[in-house]
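Q: Turn this into a model:
(chains A and B)
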Amino acid sequence: MNKNGCRNSILLIEDEENIRSFISTTLKNQNYKITTASGGQEGLHLAASFCPDLILLDLGLPDMDGMNVIKKLREWTAVPVIVISARSNEHEKARALDGGADDYITKPFGSIELLARIRTSLRHSSQMQDMSLTRQKPYHCGNLTINFENHVVTLNEQIIHLTQIEYKLLTLLAKNSGKVLTYTFLMEKIWGPYTDSNNQILRVNMANIRRKIEKNPATPEYVFTEIGIGYRMAEGD
Amino acid sequence: MHLSLQHLKSHFPGREAPGSFIKNALLTALILIIATVIAFWFFRMVPENSANVALVYITALVLTARFTDGYLYGIAASLVSVVGINYLFTYPYFQVNFTLTGYPVTFLFTLIISLVVSTMTSRIKEQADALVEREKLLMDAEKEKMRANLLRSVSHDLRTPLTGIIGNSSTYIDNYQSLTEEEKMDLVSHIREDSNWLLNMVENLLSVTRIHQNSMKIATSMESVEEMVSEAIIRFRKRYPQTELSVQVPEDFLMIPMDAILIEQVIINLLENAVVHSGSNLPVELTVTCDGTQVFFCVRDYGKGIPPERLENLFDGSYFHPESSTDGHRGMGIGLSICKTIITAHNGTIHADNHSKGCQFVFTLPAMQAGPANQVLPASQAGSLVNAESVVQENSAESLISIKKEETNE
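A: Residues are numbered from 1 along each chain as shown, chains lettered A, B, ... in the order given. Below you'll find the model as predicted:
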């Protein structure tokens, strides 16, 4: 339910009949209102006439490139778009995210993962609208707490010392927790729009952060890597 | 067969494409004209030493033989130059006169030298071509063998889960009325299990398509070892949530050139083998270490080990698990041969051996840049080619980046 007490509506643009029916069934059971389209053109029309709260978009559509659908949508709406894509194509995913998509989910996915992504995106979009009203609440996840107002990060009640850049990176990820942030986005936000395309400095800083907050860098609890795309922070409690 | 065709072609320029004939003829003419110009210049400067003229033409002949295809152009050039020398540089000038004292001998020897030289040069060139050709054929044969093995094991390994899926779903549909809830649940969960297995197989096969078709090269970029390992573990946990793993990566931050998706696949395959085939529930260990030039990834289980007679051809895809076809448990044929392909394409090594309490698979990746030839990107990503290559080059000097623990604690 959104804040008006209505069910959230979701538009699904996907050409595969079987996948469409599986997603529709799952979402209907979770009480979402779902509309489906089998092609990009139809999807764009439905998006304009129904104004859904969220759009699930398959990138491989028969009638038009999924990237173009995102571009067309972004001309007039900021509705969250979750891209559905095949795994091996990490460049395509990064491009979709940099092109305006909010998140992506990799085929094949389970219903639990899909629902979690939808909830995250809906929450982020409603937070965007409330941003001016409420101050940012502290981020809690497991033993990690980030207090944005005091600029304090604690792990097991112990204060963690971070450099300026590490703090900026961590808070940026935490404010967008649950959502994947691309290398390009992070580089631009932290180092400015004209930085080198070499993202090694970002990797090194992330490695430092991991050594400070994760017990074992190889099995992280808070910050996850999406190879070839970017980073995703665990959803706060 | 291919080889002999190539051979024939070089002898008969008429059979070549017209473009190549024109190109060769023009080249021959150009070389001869340049030689004539130089010879004229020489002749003007030192008219009494006409031997230089012959030397200039012989040089031209060698060059012609070297840069054109086949004998014919060299022979034609030698005839032209012998007549040309007589016509241009011997008295009477601008007349062909073979009656000059001793000239028939000069003529004969120039002709012999040019023929021999042009034949020899052409032959050397042919041999070099043949060598390249033979190497290519050998490589093709190797690839063909790999592909055939892969195909064989794929068709073998795909049938089992598909049979399961078709059987279970048919049972469900046919006996929908009479099945208990529990039985239904059982059938569907079998379908899920088999489909998951199929999915892994497909991901394996898809990963092979990331390896450049002809050169067996891959698109590498500098990736963080711990990030790649952590993603592999997360993906593995999705499929085997109950399995206990112990993972160890180096304290130092390592970045090495690789295709991270492929290496992830290797790690997942090895972990899966350890879990499925070891016949033990003890935790599987994944340990990453680095000795400065190589990074070692070791997957170790505490199970029944691998029969020694199978160790030898474990990775070549020809290996079948005898039990696999009967008990429905799948062999590890494809998975391991794909691991081998991936690691070889990375210029790494992979091997398996038994230790006292089970077995271990170790693969290595070079920590340093092996050479610029490694960075081949598929044409579809040509846009990012420049980018990726520049990254690699900048890092090649310090491709191994380590941050010591002390620094991070500041």
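Q: and chain B, what are its domains?
A: Per the record, chain B has its domains at B:2-140, B:217-408, by automatic domain parsing.
Q: domains of chain A?
A: Split by automatic domain parsing, chain A gives A:9-130, A:139-233.
Q: follow-up on the earlier one: any idea which of the domains of chain B gets closest to chain A?
A: Nearest to chain A among the domains of chain B is domain B:217-408; the distance by Cβ to the nearest Cβ comes to 3.9 Å. Where you see a C-beta, it was placed from the backbone N, CA and C, and this is true even at glycine.
Q: Report the rounded mean pLDDT for that closest one.
A: Computed over domain B:217-408, the mean pLDDT rounds to 74.
Q: would you turn the domains of chain A into CSV with mean pLDDT and mean neighbour count?
A: CSV is the format used below for these (pLDDT from 0 to 100; neighbours: other Cβ atoms under 10 Å in any protein chain shown):
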stretch, mean pLDDT, mean neighbour count
domain A:9-130, 89, 18
domain A:139-233, 90, 18
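Q: Chain B: which of the ones you listed is closest?
A: Proximity to chain B, assessed across the domains of chain A by Cβ to the nearest Cβ, is greatest for domain A:139-233 (3.9 Å).
Q: What is the end-to-end distance of the closest one?
A: 11 Å (Cα to Cα, to the nearest Å).
Q: Look through chain A and tell me its longest helix.
A: Longest helix in chain A by number of residues (criterion: DSSP state H): helix A:111-130.
Q: Quick check: closest non-adjacent residue to the closest residue to chain A within the stretch 51-200 of chain B.
A: Nearest residue of the stretch 51-200 of chain B to chain A: residue B:199, at 6.1 Å (Cβ to the nearest Cβ). In this structure, residue B:199 finds its nearest non-sequential neighbour in residue A:108, 6.1 Å apart by Cβ to Cβ, 6 or more residues apart in numbering or on different chains.
Q: same check, this time on residue A:48
A: Leaving aside its chain neighbours, residue A:48 sits nearest to residue A:76 (7.8 Å; criterion: Cβ to Cβ, 6+ apart).
Q: what's residue A:14 in contact with, if anything?
A: A:20, A:23, A:36, A:37, A:38, A:56, A:57, A:58, A:84 (Cβ atoms under 8 Å, 6 or more residues apart in numbering or on different chains).
Q: can you list the residues of chain A near chain B?
A: A:87-88, A:90-91, A:108, A:161, A:197-198, A:200, A:203-204, A:206-208, A:210-212, A:216-220, A:224-228 (Cβ under 8 Å from any Cβ of the partner chain).
Q: In strands only, show me these.
A: A:224, A:225, A:226 (DSSP state E).
Q: Would you state the strands of the chain in chain order?
A: This is for chain A. A:9-13, A:33-37, A:54-58, A:81-86, A:103-107, A:139-141, A:144-147, A:152-155, A:158-159, A:180-182, A:223-226, A:230-233.
Q: switch to chain B, that's the one I care about
A: Taking DSSP E as the criterion, chain B carries its strands at B:221-224, B:245-248, B:255-258, B:284-290, B:294-300, B:349-355, B:358-366.
Q: Just want the most central residue of chain A.
A: Nearest to the mean C-alpha position of chain A, by Cα atoms, centre = their mean, lies residue A:179 at 2.8 Å.
Q: ok now do the residue lying closest to that residue once chain neighbours are set aside, which residues does it touch?
A: Closest residue to residue A:179 apart from its sequence neighbours, by Cβ to Cβ, 6+ apart: residue A:103 at 5.4 Å. Contacts for residue A:103 (Cβ under 8 Å, 6+ apart) come out as A:80, A:82, A:83, A:97, A:117, A:120, A:121, A:179, A:180.
Q: What residues are bridge-paired with residue A:103?
A: When bridges are called by DSSP bridges, residue A:103 pairs up with residue A:82.
Q: before we move on, back to that, can you redo the contacts of residue A:103 as JSON lines with distance to residue B:223?
A: Putting these into JSON lines (distance: Cβ to Cβ, whole Å) gives the following:
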{"residue": "A:80", "distance to residue B:223": "30"}
{"residue": "A:82", "distance to residue B:223": "26"}
{"residue": "A:83", "distance to residue B:223": "23"}
{"residue": "A:97", "distance to residue B:223": "19"}
{"residue": "A:117", "distance to residue B:223": "25"}
{"residue": "A:120", "distance to residue B:223": "26"}
{"residue": "A:121", "distance to residue B:223": "28"}
{"residue": "A:179", "distance to residue B:223": "22"}
{"residue": "A:180", "distance to residue B:223": "17"}
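Q: Tell me the one of these nearest residue A:65?
A: Ranked by distance to residue A:65 (Cβ to Cβ), the contacts of residue A:103 are led by residue A:83 at 12.1 Å.
Q: Would you check that my belief about residue A:97 contacting residue A:179 is correct?
A: No: using Cβ atoms under 8 Å, residue A:97 makes no contact with residue A:179, being 9.4 Å away.
Q: Name the residue most distant from the centre of chain A?
A: Going by Cα atoms, centre = their mean, the residue of chain A most distant from its centre is residue A:158, 29.2 Å out.
Q: That one bridge partners, please.
A: Beta-bridge partners for residue A:158, by DSSP bridges, are residue A:155.
Q: Return the distance of it relative to residue B:297.
A: Per Cβ to Cβ, to the nearest Å, residue A:158 is found 33 Å from residue B:297.
Q: want to throw the domains of chain A into JSON lines with distance to residue B:254?
A: Listed next are the domains of chain A as JSON lines, based on distance: least, Cβ to Cβ, whole Å:
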{"stretch": "domain A:9-130", "distance to residue B:254": "21"}
{"stretch": "domain A:139-233", "distance to residue B:254": "9"}
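Q: what's residue B:87 in contact with, if anything?
A: Going by Cβ under 8 Å, 6+ apart, residue B:87 touches B:94, B:95, B:96.
Q: typo on my end, residue B:234
A: Neighbouring residues of residue B:234 by Cβ under 8 Å, 6+ apart: residue A:224.
Q: do residue B:27 as well
A: For residue B:27, the contacting residues are B:64, B:67, B:68, B:73, by Cβ under 8 Å, 6+ apart.
Q: and the longest helix of chain A with strand A:54-58, angle?
A: Counting by axes from the mean of the first three to the mean of the last three Cα atoms, to 10 degrees, helix A:111-130 lies at 130 degrees to strand A:54-58.
Q: and residue A:1, what pLDDT?
A: For residue A:1, the model assigns a pLDDT of 49.
Q: same check, this time on residue A:131
A: On the pLDDT scale, residue A:131 gets 57.
Q: near chain A, which residues of the stretch 201-350 of chain B?
A: So the stretch 201-350 of chain B meets chain A at B:203, B:206-207, B:209-210, B:222-224, B:226-231, B:233-234, B:245, B:247-249, B:253, B:255, B:260-261, B:264, B:286, B:288 (Cβ under 8 Å from any Cβ).
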